[in-house]
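**Student:** just coords:
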């Protein structure tokens, strides 16, 4: 229809709205994105929500059916979340807002788990396909070829953004007998039909995602096709392979890149775990075990522990190697959460299974976990024995990562025993390995411990420098637990320098972050933090201390880390404490 006009009038310009590109020469595509949304998880005052397009549309359509509808402090979070759940799609928001005649926002939100059944009843003067959200999506789906439809519904198992590699495994590659289309071409067609969105991932690699409302329709079609179990099994197999590849190199120089990749795929890793728990318990146990280090570094302590415990419950016997790794992971999380008795008992249980298996690398890991549990239960001799055995095994295997980890832990045993000279030597040995080989998270731990050691020696300058270095490294890795420790350490240094306002603010930020990730300081560190808080409270008075503390608690962990890193000088009696590069 358009082609004859362009042929007859070469200088003619047309503005055309269409679900898919026309694929004509000289065509310029301008995609219309979803409506603007408020920041998720941030409470926006009711009088400011109107600045967001999605909320503005919801309010206008709600008032069209209920004249007295207003956004209040009580319903504002629900209104914002409804717009998020509907992906900012105008038709979906209009259909939802039309329900305001019967349902207040809070009740509507509770019913949005199944969006497509709720979002019906559009204006009768609209085309039928625009009277329900299901109809609108079905119209696009029906325009696809059978192979494109199969690709779409199979990819609906993906819970987040996914790459081409995942799509090919889940859908079936050319020549496999699964689909008769090239997967990359198929993805392009789904993007053209607005059933997929494309975004740029790390390194410029394309990633694709379905909006939640569209994914719900895709899952309905997948179930109806009888392909759901096969698609989910392929999905789980792909993400298990990814997690196990990451686990094999995560404690090495490539840690930052792999952490970023696992972050990007975290929603799909969760989805694979949830399915495998019910259908393939061994896969769930392998996957949870492979993700332990990722969860630990990123501060997903409660979540990681819960997944591991659920996976272990699904495989109560046999598989001693897998169970040992998983139990060791639970022990690590229990330790970070301050459950030291649990950490000790679980560490011993993991060690017993590892000795049964006879895998020396597994034995090294579990010896370290059992030793940490013993150390924090005051069983220093037992901890020394386990750590020493782990150190010998690490050196025998040429495992420099575990050698460095054990050396740092031996330093901690020495510090807790009061042997500060040996503690410093062990920390520095561990740090030497870590700096040379690029294992960031362990380096941050040892820098923090060296800062703590400097404070015990009343070396404020040394403590400041070590804490700043630990903070910069932990921040770069998004290691929230060590960021919290470093914030608490720098708060103590600020207090010793007489800057009690800053001390109270950083203490509040550290406390809030520890609470958010479910971590607990060791008792000696908790005692020191409490003493620092008491000193700041005494110096400032209760009212000023509470205000600074509350202001610190309100900071995001990134903002708190940036604020602490920006401090390059802290005044002390007789001079200044100078920090290094703020990173």
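**Tutor:** Received it, and whenever you're ready, just let me know what you need. Just so you know, these numbers come straight off a predicted model, no measurement behind them. Residues are numbered from 1 along each chain as shown.
**Student:** Tell me where the model's unsure across the stretch 351-500 of the chain.
**Tutor:** 438-442 (pLDDT under 70).
**Student:** check contacts around the residue nearest to residue 300 when sequence neighbours are not counted.
**Tutor:** Closest residue to residue 300 apart from its sequence neighbours, by Cβ to Cβ, 6 or more residues apart in numbering: residue 517 at 7.5 Å. All C-beta atoms are positioned from the backbone trio N, CA, C, and that covers glycine. Residues near residue 517 by Cβ atoms under 8 Å, 6 or more residues apart in numbering: 299, 300, 301, 302, 480, 481, 484.
**Student:** which residues are contacting the biggest helix by length in the chain?
**Tutor:** Longest helix in the chain by number of residues (criterion: DSSP state H): helix 228-249. Contact with helix 228-249 is made by 153-154, 157-158, 165-166, 169-170, 219, 222, 255, 258, 261-262, 265, 268-269, 271-272, 275-276, 279-280, 283, 286-287, 289-294, as judged by Cβ under 8 Å, 6+ apart.
**Student:** Helices - which of these land there?
**Tutor:** Using DSSP H, those in helices are 153-154, 165-166, 169-170, 219, 222, 255, 258, 261-262, 268-269, 271-272, 275-276, 279, 283, 286-287, 289-290, 292-294.
**Student:** Just the buried subset of those, please.
**Tutor:** 153-154, 166, 169-170, 219, 222, 255, 258, 261-262, 268-269, 271-272, 275-276, 283, 286-287, 289-290, 292-294 (16 or more other Cβ atoms under 10 Å).
**Student:** Output the below-cut-off pLDDT ranges for the protein.
**Tutor:** 1-3, 5-8, 14, 16-33, 112-133, 135, 173-178, 438-442, 567-583.
**Student:** where do the strands sit along it?
**Tutor:** 162-163, 197-200, 206-209, 569-572, 575-578 (DSSP state E).
**Student:** The stretch 401-550 of the chain: helices as residue ranges?
**Tutor:** 420-437, 440-456, 460-476, 480-496, 500-517, 523-540, 542-553 (DSSP state H, counting those that start in this stretch).
**Student:** Dump those helices into TSV; add distance to residue 383 as well.
**Tutor:** Compiled in TSV, the helices of the stretch 401-550 of the chain are given as follows (distance: least, Cβ to Cβ, whole Å):
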stretch	distance to residue 383
helix 420-437	13
helix 440-456	15
helix 460-476	23
helix 480-496	21
helix 500-517	24
helix 523-540	15
helix 542-553	35
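**Student:** between the ones you listed, which one is nearest to residue 94?
**Tutor:** helix 500-517 (36.4 Å; Cβ to Cβ).
**Student:** Pull out the buried residues from the closest one.
**Tutor:** 500-514, 517.
**Student:** before we move on, the earlier item: top of the contacts of residue 517 by neighbour count?
**Tutor:** The residue in these with the most neighbours, by other Cβ atoms under 10 Å, is residue 484 (26 neighbours).
**Student:** Could you report the separation of the residue lying closest to that one once chain neighbours are set aside from residue 83?
**Tutor:** Closest residue to residue 484 apart from its sequence neighbours, by Cβ to Cβ, 6+ apart: residue 513 at 4.2 Å. Distance of residue 513 to residue 83, given as Cβ to Cβ, to the nearest Å: 29 Å.
**Student:** before we move on, what about residue 486?
**Tutor:** 37 Å.
**Student:** Run a quick neighbour tally on residue 345.
**Tutor:** With other Cβ under 10 Å as criterion, residue 345 counts 17.
**Student:** Give me the distance between stretch 399-414 and the centre of its chain.
**Tutor:** Per Cα atoms, centre = their mean, to the nearest Å, the displacement of stretch 399-414 from the mean C-alpha position of its chain is 28 Å.
**Student:** Just the buried residues of that stretch, please?
**Tutor:** 399-414.
**Student:** my guess is residue 44 contacts residue 37, does it?
**Tutor:** No. Here residue 44 does not reach residue 37: they are 10.4 Å apart, not a contact under Cβ atoms under 8 Å.
**Student:** overlap in contacts of the two?
**Tutor:** residue 80.
**Student:** which residues touch the nearest residue to residue 100 once chain neighbours are set aside?
**Tutor:** Leaving out its chain neighbours, the residue that sits closest to residue 100 by Cβ to Cβ, 6+ apart is residue 62, at 3.9 Å. By Cβ under 8 Å, 6+ apart, residue 62 lies in contact with 69, 97, 98, 100.
**Student:** Let me see the backbone angles for residue 254.
**Tutor:** phi -90, psi 10 (degrees, to the nearest 10).
**Student:** Next, count neighbours for residue 15.
**Tutor:** If we define neighbours as other Cβ under 10 Å, then residue 15 has 5 of them.
**Student:** Look up how far residue 194 lies from it.
**Tutor:** From residue 15 to residue 194 the distance is 18 Å (Cβ to Cβ).
**Student:** Give me the neighbour count for residue 4.
**Tutor:** Neighbours of residue 4 under the rule other Cβ under 10 Å: 8.
**Student:** Residue 212: neighbour count?
**Tutor:** Counted with other Cβ under 10 Å, residue 212 comes out at 16.
**Student:** How about the contacts made by the closest residue in space to it that isn't next to it in sequence?
**Tutor:** Using Cβ to Cβ, 6+ apart and skipping the chain neighbours, the partner closest in space to residue 212 is residue 87 (5.8 Å). Residue 87 makes contact with 34, 211, 212, 213, 214 under the criterion Cβ under 8 Å, 6+ apart.
**Student:** I'd like the residues you listed laid out as JSON lines, including distance to residue 422.
**Tutor:** What follows is these, written out as JSON lines (distance: Cβ to Cβ, whole Å):
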{"residue": "34", "distance to residue 422": "60"}
{"residue": "211", "distance to residue 422": "58"}
{"residue": "212", "distance to residue 422": "56"}
{"residue": "213", "distance to residue 422": "61"}
{"residue": "214", "distance to residue 422": "61"}
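**Student:** If you rank those residues by neighbours, which is first?
**Tutor:** Result: residue 214 is most packed of the contacts of residue 87 (other Cβ under 10 Å), 27 neighbours.
**Student:** That one touches residue 137, doesn't it?
**Tutor:** Yes. If you go by Cβ under 8 Å, residue 214 and residue 137 touch, sitting 5.8 Å apart.
**Student:** Give me the common contacts of those two.
**Tutor:** Taking Cβ under 8 Å, 6+ apart as the contact rule, residue 214 and residue 137 both touch residue 195.
**Student:** just to revisit the earlier point, which one of the contacts of residue 87 is nearest to residue 365?
**Tutor:** residue 212 (38.8 Å).
**Student:** from what I can see that closest one touches residue 85, true?
**Tutor:** Yes. Assessed by Cβ under 8 Å, residue 212 is found in contact with residue 85 at 6.5 Å.
**Student:** Name the residue closest to the centre of this structure, please.
**Tutor:** residue 263 (5.3 Å; Cα atoms, centre = their mean).
**Student:** that older thread, I'd like the contacts of residue 517 as CSV, with distance to residue 326 appended.
**Tutor:** Shown next, in CSV, are the contacts of residue 517 (distance: Cβ to Cβ, whole Å):
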residue, distance to residue 326
299, 19
300, 15
301, 15
302, 16
480, 23
481, 20
484, 26
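**Student:** Residue 54: which of these is nearest?
**Tutor:** Nearest to residue 54 among these: residue 300, at 29.5 Å, using Cβ to Cβ.
**Student:** distance of that closest one from residue 266?
**Tutor:** Residue 300 sits at a distance of 9 Å from residue 266 (criterion: Cβ to Cβ).
**Student:** Please consider this matter closed, and thank you.
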